[in-house]
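**Q** Based on what follows, work out the 3D shape:
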Amino acid sequence: MKALSALSAQVRQYLLVTGNYWAFTLTDGALRMLVVLHFHSLGYTPLQIAALFLFYEIFGVVTNLVGGYLGARLGLNRTMNLGLGLQVLALLMLTVPTAWLTVPWVMGAQALSGIAKDLNKMSAKSSIKLLVPDNQQGTLYQWVAILTGSKNALKGVGFFLGGALLALLGFSGAVLAMAAVLALIWLGSRVLLKKDLGKAKAKPKFRDLLSKSRAINILSAARLFLFGARDVWFVVALPVYLSTVFGWDFWMVGGFLAAWVIGYGIVQSFAPRITGKQRGQLPDGRSAFVWAALLAGLPALIALGLGTGWPAQWVLLGGLLLFGVLFAVNSSLHSYLIVSYAKEDGVSLDVGFYYMSNALGRLMGTLLSGWLYQQYGLATCLWWSSLFVLLAALCSLGLPRRAGD
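**A** Here you go, the predicted model:
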């Protein structure tokens, strides 16, 4: 406690925001894995499973746009706590008897979870802009990378947690346990989080929802295609492929995807070192293009490898690991650029608009993941992934050459 009290107020708030984000992310990753594996075991098709996440992604699009406005008017403490509370409610909705778990009911619970996730993420990412002086861009990059990387590492732990809880407690028991723990986190956050964090000096109007910044608009378009490229094969196609083609059980699917996301998060945390921060280099538009270009051909190479008769497990799993490294650097670099580009007063407006595009990319990728896999198989999902990364790279050509421009 003495060590914590010796820290600056900004660092203490950063640790609190990060802790909230970590707790939420664990339940979010676990819930996603629980839903995919549980409903696959009930005989749902890949497209039906994708449909369960439809409202999760759709409401994420709307939430990021409106949530940025609410964060600027009400303060980021309220939007973050609202996200935690809604996630508790979403989890409790899934504790009903199995007969009640119809597709519309689960979609409704996922809608609440999608709203909660994006309120929480938008609040956390926006907060960092306010806790680091504008002339310390290197520190900003490092803090964003740590927050983003640790979040995704814990999301991977959540995947494993979801598979483990499903095996140990069953579906209802798992979501009830997570709801109880997250409710305690929510109570602590209401007491400790700074009350006026992120509230804009001038009250924003609804016309301010859409970004007027060319750089943010271009970066948002690149983000849309980048995350569509990941989710078009990762969300539904990959776990179902591992289960049906490789014959993996819940533990193996959850464990491997957990390890992948944990490694992905670790790489994100070290992205500043990889991209040259120690040499005084900070990412800019050219960096975003180069790293996206490096990633663009990889999913297509995996698809070609699967079609040549090479051992499918070596091709897919090896390609997936390399994809994770390159995608992690791209994602971390983007996360820094949006916080750097955003204006400080009403920062959540710009960050919310950007993550609206992120959510739209996830929505597009999720729907395509189920439909393309069911109709054409995993290789087609991978070809679409390469196309989307290529589009993200082309969008990045229009970004400023210096992060502060």
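**Q** which of the residues in stretch 257-276 are buried?
**A** Judged by neighbour count (16 or more other C-beta atoms under 10 Å), stretch 257-276 contains these buried residues: 257-272, 274-275. Heads up, the C-betas are built off the backbone N, CA and C, glycines and all.
**Q** which ones among the residues you listed are found in helices?
**A** Secondary structure of these is defined by DSSP state H; positions in helices are 257-269, 271-272, 274.
**Q** Point out where the stretch 1-150 of the chain drops to low pLDDT.
**A** Low-confidence segments of the stretch 1-150 of the chain, defined by pLDDT under 70: 1-14, 46-47, 67-69, 71-74, 129-135, 137.
**Q** longest helix anywhere in this structure?
**A** When the chain is scanned for its longest helix (criterion: DSSP H), the result is helix 137-192.
**Q** from the middle of its chain, how far away would that helix be?
**A** Computed by C-alpha atoms, centre = their mean, to the nearest Å, the separation of helix 137-192 from the middle of its chain amounts to 12 Å.
**Q** same thing with stretch 378-395?
**A** Computed by C-alpha atoms, centre = their mean, the separation of stretch 378-395 from the middle of its chain amounts to 18 Å.
**Q** excluding its backbone neighbours, what's nearest the residue nearest the centre of the chain?
**A** The centroid of the chain falls nearest to Asn152 when counting by C-alpha atoms, centre = their mean (7.3 Å). Taking C-beta to C-beta, 6 or more residues apart in numbering as the measure, Asn152 lies nearest to Gly265, with 3.4 Å between them; neighbours along the chain are not counted.
**Q** now that neighbour: how far from Gly156?
**A** Gly265 is 6 Å from Gly156, where distance means C-beta to C-beta, to the nearest Å.
**Q** ditto for Gly19
**A** The gap separating Gly19 from Gly156 is 18 Å, by C-beta to C-beta.
**Q** Those two: which has the busier surroundings?
**A** For Gly19 versus Gly156, the count of surrounding residues by other C-beta atoms under 10 Å is larger for Gly156: 26 against 14.
**Q** The more buried one contacts Ala258, doesn't it?
**A** Yes. The pair formed by Gly156 and Ala258 meets the contact definition of C-beta atoms under 8 Å, at 4.5 Å.
**Q** anything in contact with each of these two?
**A** When contacts are counted by C-beta atoms under 8 Å, 6 or more residues apart in numbering, the set common to Gly156 and Ala258 consists of Gly29.
**Q** which strands and helices sit next to the longest helix of the chain?
**A** Based on contacts counted as 3 or more C-beta pairs under 8 Å, 6 or more residues apart in numbering; DSSP states H and E, the elements that helix 137-192 packs against are helix 9-41, helix 76-93, helix 103-131, helix 250-269, helix 271-274, helix 312-341.
**Q** would you list these in JSON lines and tack on distance to Gly228?
**A** Converted to JSON lines, those look like this (distance: least, C-beta to C-beta, whole Å):
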{"stretch": "helix 9-41", "distance to Gly228": "17"}
{"stretch": "helix 76-93", "distance to Gly228": "24"}
{"stretch": "helix 103-131", "distance to Gly228": "16"}
{"stretch": "helix 250-269", "distance to Gly228": "17"}
{"stretch": "helix 271-274", "distance to Gly228": "21"}
{"stretch": "helix 312-341", "distance to Gly228": "12"}
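**Q** And those: which comes nearest Asp350?
**A** Closest approach to Asp350 among these is made by helix 312-341 (6.9 Å; C-beta to C-beta).
**Q** and the closest one, what does it pack onto?
**A** Taking 3+ C-beta pairs under 8 Å, 6+ apart as the contact definition, the neighbouring helices and strands of helix 312-341 are helix 103-131, helix 137-192, helix 214-234, helix 250-269, helix 271-274, helix 285-296, helix 298-306, helix 347-376.
**Q** Quick one: residues in contact with the shortest one.
**A** When you say that, I think you mean helix 271-274. By C-beta under 8 Å, 6+ apart, the surrounding residues in contact with helix 271-274 are 138, 141-142, 145, 149, 267, 278, 328-329, 332-333.
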